[in-house]
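Student: give the three-dimensional model of this entry:
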Amino acid sequence: MNIAIIGGGAAGFFLAINLKQLSPNINVTIFEKNTNVLAKVLVSGGGRCNLTNSFAGIDSLHQAYPRGDKLLKRAFRVFSHLDTYKWFEDKGIKLVTQEDDCVFPLSQNSNEIIECFIRLSKELGISVKTSLDLSSITFEEKYALTFNQDNTRVQFFDAIAITTGGSPKAEGLNYLEALGHKIVPPVPSLFTFNIPEDPIRELMGIVAENTIVSLQGTNIKASGALLITHWGMSGPAILKLSSYGARLVNDKQYRFNILVNWVNEVNCDILTDYLNSIACKNPNMKVSNVRPYDISSRLWLFLLNKAEIPLDRKWGELGKKGINKIMNRLSNDEYSVHGKGSFRDEFVTSGGVSLESINFNTMESKSCKNLYFAGEVLDIDAITGGFNLQAAWTTAYIAAKAITQQ
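Tutor: The predicted model follows:
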């Protein structure tokens with residue numbers, strides 16, 4: 001069998017390597033449109049490659065995968081994060097699980113993963129061809145591929161795996177739609193929030209460790225650390241919220257309001273009682289000198305000013321009205337987002353080939369026999385933390401196994 005893999009990224013190489021390990025007699029060729037392969041792996045995790053996650057803090061897959069959780073629940077029974085951990089360690093790559101449950105190479109260097117893939121590809125006889133951009137796929141007795149760089153030459157294959165990653169625009173998936181696949185229009189996911197002309201930006205560099213951020217008027221929310229930047233807000237809570245609300249905020253053209261709970265306390269009565277207890281214990285102390293929940297001093301002063309509480313006001317002088325002002329500011333602080341920023345070079349899309357077009361058990365197309373998919377080209381995407389790469393490993397492994405069982 002001659003197999004073509006379109007896309008030389010994480011899913012493509014993982015699929016190719018597992019194909020050859022499961023069935024050494026298969027001929028495998030990876031086609032990559034860029035000059036370099038595995039470019040996204042190189043920048044993953046800030047150049048350290050966040051391979052997977054321990055899933056210790058995940059109660060439901062939907063928490064990590066806003067889109068694709070149902071497919072992955074079944075797929076992880078075949079190849080899970082534990083299988084990923086063992087696979088890489090068996091290849092000589094020592095891994096470490098951080099306190100935040102993210103899994104990295106012990107070397108903290110994504111080049112170790114890239115070198116492993118390149119070495120295994122050479123050892124297994126996988127052909128890797130770069131600077132070849134697919135222009136068409138047709139099928140008669142076999143799949144015929146042509147590339148933009150050489151439209152006169154046709155290459156024939158028994159099966160194809162599409163592992164091209166996320167497409168920034170729906171037009172990039174037109175060739176798959178023409179083959180009968182339903183396409184979910186791609187929109188950005190995992191991005192920071194621009195909050196122009198808001199004084200909060202003067203606090204850039206401050207991290208609030210335990211926040212809840214929500215999209216106003218919806219039940220979409222995310223928790224975690226929030227980083228104040230010179231353009232607005234970033235950090236895990238913001239990136240998760242951008243993932244959960246990716247399609248909604250795209251529809252709003254990235255103009256929407258968020259509500260920030262700076263202290264991760266959703267019960268207003270509990271928060272009010274806590275503030276009243278501070279007032280009772282410190283009646284003669286200035287509000288500026290006693291910070292609830294150990295909130296950052298600069299952020300505390302900012303919030304007091306925003307609540308129109310004089311900094312020299314004493315806790316005992318706040319009264320019910322003053323306590324309520326502070327409670328509302330701590331738990332329901334509103335900001336207007338006008339636009340999105342980027343999250344390093346880790347481009348992630350929500351959308352792609354609809355899972356309705358895929359056989360969950362094999363990753364094979366329902367409309368084209370012997371055409372398979374793996375990775376982010378599918379309508380699967382996740383929050384940060386190694387979850388997107390885990391989806392790539394899992395879907396690639398299942399596709400490889402299915403191809404070898406034809």
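Student: only C-alpha atoms for contact and neighbour calcs from this point on.
Tutor: OK.
Student: can you give me the helices for the stretch 51-200 of the chain?
Tutor: Taking DSSP state H, counting those that start in this stretch, the helices of the stretch 51-200 of the chain run over residues 61-64, 69-75, 81-90, 111-124, 174-177.
Student: hmm, Leu38 is touching Gly8, no?
Tutor: Yes - counting by CA atoms under 8 Å, Leu38 does reach Gly8; the two are 6.0 Å apart.
Student: who's more crowded, the two?
Tutor: Gly8 (28 against 21; other CA atoms under 10 Å).
Student: may I have the phi/psi pair for the more buried one?
Tutor: Torsion angles at Gly8 (phi, psi; degrees, to the nearest 10) stand at phi -100, psi 50.
Student: might you report the residue contacts of it?
Tutor: 30-32, 37-38, 163-164 (CA atoms under 8 Å, 6 or more residues apart in numbering).
Student: and for the residue lying closest to Ser121 once chain neighbours are set aside, the neighbour number?
Tutor: The shortest distance from Ser121 to any non-neighbouring residue, by CA to CA, 6 or more residues apart in numbering, is to Ile17 (6.3 Å). For Ile17, the count of nearby residues is 25 (other CA under 10 Å).
Student: test my guess that Ile17 contacts Lys122.
Tutor: No - assessed by CA under 8 Å, Ile17 is found out of contact with Lys122, at 9.8 Å.
Student: pairing partners for the worst-scoring helix or strand of the chain on mean pLDDT, with directions?
Tutor: The element with the least model confidence among the helices and strands of the chain, by mean pLDDT, DSSP states H and E, is strand 150-157, at a mean of 85. Neighbouring strands of strand 150-157 in its sheet, by DSSP bridges, are strand 143-147 (antiparallel).
Student: and the partner strand, C-alpha only, in CSV?
Tutor: What follows is strand 143-147, C-alpha atoms only, in CSV (Å, rounded to 0.1, in the frame of the first residue of the first chain):
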residue,chain,number,x,y,z
TYR,A,143,-6.4,8.7,-5.2
ALA,A,144,-4.7,11.1,-7.6
LEU,A,145,-2.8,14.0,-6.1
THR,A,146,-1.5,17.1,-7.9
PHE,A,147,0.4,19.9,-6.3
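Student: beta partners for the residue nearest to Trp231 when sequence neighbours are not counted?
Tutor: Leaving aside its chain neighbours, Trp231 sits nearest to Asn194 (5.4 Å; criterion: CA to CA, 6+ apart). In this entry, Asn194 is beta-bridged to Gly232, by DSSP bridges.
Student: if I look at Asn194, how far off is Arg77?
Tutor: 40 Å (CA to CA, to the nearest Å).
Student: who has more neighbours, those two?
Tutor: Asn194 (23 against 11).
Student: from Glu209, how far out is that one?
Tutor: According to CA to CA, Asn194 and Glu209 sit 20 Å apart.
Student: one step back: want to throw the contacts of Gly8 into a markdown table with pLDDT, secondary structure and distance to Glu140?
Tutor: Output for the contacts of Gly8, formatted as a markdown table (pLDDT from 0 to 100; DSSP: H, G, I helix; E, B strand; the rest coil; distance: CA to CA, whole Å):
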| residue | pLDDT | secondary structure | distance to Glu140 |
| --- | --- | --- | --- |
| Ile30 | 98 | strand | 22 |
| Phe31 | 97 | strand | 21 |
| Glu32 | 97 | coil | 24 |
| Val37 | 98 | coil | 30 |
| Leu38 | 97 | coil | 32 |
| Thr163 | 98 | coil | 22 |
| Thr164 | 97 | coil | 23 |
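Student: how about these in a markdown table, adding distance to Leu330?
Tutor: Shown next, in a markdown table, are the contacts of Gly8 (distance: CA to CA, whole Å):
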| residue | distance to Leu330 |
| --- | --- |
| Ile30 | 53 |
| Phe31 | 53 |
| Glu32 | 50 |
| Val37 | 47 |
| Leu38 | 44 |
| Thr163 | 45 |
| Thr164 | 44 |
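Student: let me know the closest of those residues to Met204.
Tutor: Nearest to Met204 among those is Leu38, at 33.3 Å by CA to CA.
Student: roughly how far apart are that closest one and Pro24?
Tutor: To Pro24, Leu38 is 23 Å away according to CA to CA.
Student: need the longest helix for this structure.
Tutor: helix 387-404 (DSSP state H).
Student: what is it packed up against?
Tutor: Judged by 3 or more CA pairs under 8 Å, 6 or more residues apart in numbering; DSSP states H and E, helix 387-404 is in contact with helix 10-22, strand 52-53, helix 69-75, helix 81-90, strand 371-373.
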